[in-house]
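J.: please find the sequence and the predicted model below.
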Amino acid sequence: MSALAFDMNTPTGFAARLIADPLPAGWTGATFPVFNPATGGHLADVADMGPTEATAAVATATGALPGWAGRTAKDRAAAMMAWHDLIIRNRDELARLLTLEMGKPLAEALGEVMHGASYIAWFAEEAKRLNGEIIPSPDPRRRMLVLRQPVGVVAAITPWNFPSAMIMRKVAPALAAGCPVVIKPAEDTPLSAIALLRLATEAGLPDGVLSLVTCQRAPDVARVLTEHRGVRKLSFTGSTAVGKLLMAQCAGTVKKISLELGGNAPFIVCEDADLDAAVAGAMLAKFRNAGQTCISANRFLVHEAVMAAFTEKLMARIAGLQAGDGLAGGTTLGPIINARGLDNVDSLVQAAVAEGASLLTGGHRLDRDGTFYAPTVLTGVTPAMEIFRAEIFGPVVTLCSFSNISEAIALANDTDYGLAAYAYTRDMNRMWLLSEALEFGMVALNDGTVGSEAAPFGGMKESGIGREGSRHGIDDYVELKYVGMGGINQSAA
Ligand code: NAD
C-alpha cells in the first residue's frame, strides 16, 4: 500500500512530503518498512544504514566539532533557536507524523513535540551560562581556574515511545555545550527523527553537527557508536537490559555515559488522599501513551481503608477511555507499539492471574485492527508476582494494598528500578517522609506527571545514570578542565 493511501489521515504538508520521500538524497541502499501500529498499514520505507554509514557519521561529526565548539555560546544559542522556531511552526505536522508511526493520540503527540522543543529553548539559554570558575588558591603563587568544555562527539540512541522528545532532550544540551551528535533512532519510529533533522538543516545548523543513522538492526550500528574512539559520550534512553549492554560496550574506550532506562513506578494512595485528585493523577500516570512510558505508574499501592473507594472511582474513569487511531477525534488510548510489545503485556497479565491476582476488567487484546490491549485492572497483586517486578509497558493497573506508611515505602522501594514515584496525601509530615525515603530520582506528590525542561529528569539504581533538563542537564555534556597558573610573584610587579 502506498503511503498516500492514508487519504484523510495523511498529513498534507511537510509530513506528507517526508512520508512520500523519507530517504536521504542519493540513497540507493537497502530500506526497511515503517508501519502504523493503529492500523497495521505500511507508512514508508526508510534507509537501512549499517556500520559503514555509522562510521561515516562519526567522521562527519568529528569534522564539525571544532567549528561548532568554537562558535560563541550566543551564536550556538541563536542557531538552536532557529531550529526551535521551525519545530514550533511545524508542530502540527510533526505531531501527525508521530501519531502515524507511534500511535499515541494526536493531542499527546502535540504535547510531546512541544515538550521536546522546550528543552531546545531551555538549553539555548543555558549555553550562555556555561561559566567556568576561579577557585581561591591556597598557594599565593598559583591561580586556579576551571574551564567547562564540550565533551566531544556524542552518540544518542533513542526509544520508540517518545520518538521526538527523546531526541530533542539529548541533542539540546549537547548542542548547547558545543558537541555534535550522531543519532540512532528506534527502528519502529524513524520518521520523527528524519523530520527533526530536515528542520535542523532548514534552520541552518551547520553540516555534520547533527547526523542520523536509521537502521533496522540496532546492534550493528550501536556497536560502532559505543566502540568508536571518536565518540566521547553515549546518551541512551531505552530498556535497562540494553542499557547494561551498551554500558559494557562503552567500557573499552571509557566513554562518558548517560543512561535513561526503565522504571517500575509506585503510585501510593494514602488514607487521607483527595481520592478524586488521586484518580485523575492515576489516569495520567497510567494511561498516557497507553502505559508505554518509563514513568508510567506500574504498581498502585493503596491504603486498605480507601482501596474500595479508589478502585470504584478509577474503574468509572477507565470505562470512559476510548481506544482507537490516534488521529481520530475522541481517541484517548492508542495501540501498543507492535505485536511483540502486545505479547509481553498479555503474558504478564496472564501470569499474574495464574499466580492469584483477580481481573476486574480487561485482560485481553482488543478485537480490532492494530495492536491494542484492553484497559486492564488487576487486584490482589503481591510482591511475589512477576508483574510487580517487571516494567509492564501497557494499559494495566495493578492494585496492592498496604496498612501503614512504612509498609507502603518498603513496598515502593522493593524494586531494582528507581525512576519515578507518585504519592497522594494531604499530610505535610508524610510528604516529607515520602520525599526523603523513596529511592527514586523523581517523586511526584499529588501530581500525575513529572516531566519538565526546568527539572532534572533521571533515575537511581538500575533506572540510569545522569539527568536530562534543568541547569544540571548540561553537565553530562561538558568536561571540567582544571588550569593551574603557577609562578606568580606579585611582589615583582
Ligand atoms: P530498547 O532498549 O529496546 O531500545 C532502545 C534503543 O536501543 C532503540 O534505538 C533500539 O533500536 C536500540 N537497541 C535495542 N536493542 C539493542 C541492542 N541489542 N544493541 C544496541 N541497541 C539496541 O527500548 P524500547 O523498547 O525502544 O523503549 C522502551 C524502554 O525505554 C523502556 O524500558 C522505557 O522505560 C525506557 N525509557 C526510559 C526513559 C527514561 O527517561 N528513563 C524514557 C523513555 C523510555
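T.: Okay, I see it.
J.: so for the helix or strand harbouring A69, mean pLDDT?
T.: Here A69, judged by DSSP states H and E, is contained in helix 51-70. What helix 51-70 shows for mean pLDDT is 98.
J.: could I get the buried residue list for whatever helix or strand comes next after that helix?
T.: Going down the chain from helix 51-70, the next helix or strand is helix 73-89, by DSSP H and E. For helix 73-89, a neighbour-count test (16 or more other Cβ atoms under 10 Å) marks A73, R76, A77, A79, M80, A82, W83, H84, L86, I87 as buried. Any C-beta I mention is one placed from the backbone N, CA and C, and that applies to glycine too.
J.: for the nearest residue to the fifth one once chain neighbours are set aside, phi and psi?
T.: In other words, M80. Once flanking residues are discounted, M80 sits nearest to A124: 4.1 Å by Cβ to Cβ, 6 or more residues apart in numbering. Main-chain dihedrals, A124, degrees, to the nearest 10: phi -60, psi -40.
J.: now render the buried residues of helix 73-89 as JSON lines, adding pLDDT and distance to the ligand.
T.: Converted to JSON lines, these look like this (pLDDT from 0 to 100; distance: Cβ to the nearest ligand atom, whole Å):
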{"residue": "A73", "pLDDT": "98", "distance to the ligand": "26"}
{"residue": "R76", "pLDDT": "98", "distance to the ligand": "25"}
{"residue": "A77", "pLDDT": "98", "distance to the ligand": "25"}
{"residue": "A79", "pLDDT": "98", "distance to the ligand": "26"}
{"residue": "M80", "pLDDT": "98", "distance to the ligand": "21"}
{"residue": "A82", "pLDDT": "98", "distance to the ligand": "27"}
{"residue": "W83", "pLDDT": "98", "distance to the ligand": "22"}
{"residue": "H84", "pLDDT": "98", "distance to the ligand": "21"}
{"residue": "L86", "pLDDT": "97", "distance to the ligand": "24"}
{"residue": "I87", "pLDDT": "98", "distance to the ligand": "19"}
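J.: let me know the closest of those to G334.
T.: I87 (22.1 Å; Cβ to Cβ).
J.: wait, does the helix holding A69 contact the ligand?
T.: No: counting by Cβ under 6 Å from any ligand atom, the ligand is not contacted by helix 51-70; separation bottoms out at 11.4 Å.
J.: show me which residues of that helix are buried.
T.: Result for helix 51-70 [16+ other Cβ under 10 Å]: buried residues 51, 53-55, 57-62, 64-65, 68-69.
J.: contacting residues around it?
T.: Contacting residues not belonging to helix 51-70 are listed as 47, 76, 149-150, 152-153, 155, 175, 178-182, 184, 206-209, 211-213, 215, 220-221, 223-225, 228, 230-231 [Cβ atoms under 8 Å, 6 or more residues apart in numbering].
J.: returning to that earlier point: which one among the buried residues of helix 73-89 gets closest to T99?
T.: If you rank the buried residues of helix 73-89 by distance to T99 using Cβ to Cβ, I87 comes first, at 16.2 Å.
J.: now render the buried residues of helix 73-89 as TSV, adding distance to R141.
T.: Output for those, formatted as TSV (distance: Cβ to Cβ, whole Å):
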residue	distance to R141
A73	32
R76	36
A77	38
A79	42
M80	42
A82	47
W83	47
H84	47
L86	53
I87	52
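J.: any idea how many residues pack against A423?
T.: Applying other Cβ atoms under 10 Å, we find 28 residues neighbouring A423.
J.: what pairs with the host helix or strand of it, parallel or antiparallel?
T.: Per DSSP H and E: A423 is located in strand 420-424. According to DSSP bridges, strand 420-424 forms sheet pairs with strand 265-269 (parallel), strand 442-445 (parallel).
J.: please put the alpha-carbon coordinates of the last one into CSV.
T.: Written as CSV, here are the backbone C-alpha positions of strand 442-445 (Å, rounded to 0.1, in the frame of the first residue of the first chain):
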residue,chain,number,x,y,z
MET,A,442,11.8,11.8,40.8
VAL,A,443,8.9,12.0,43.3
ALA,A,444,5.6,13.5,42.3
LEU,A,445,3.4,14.5,45.2
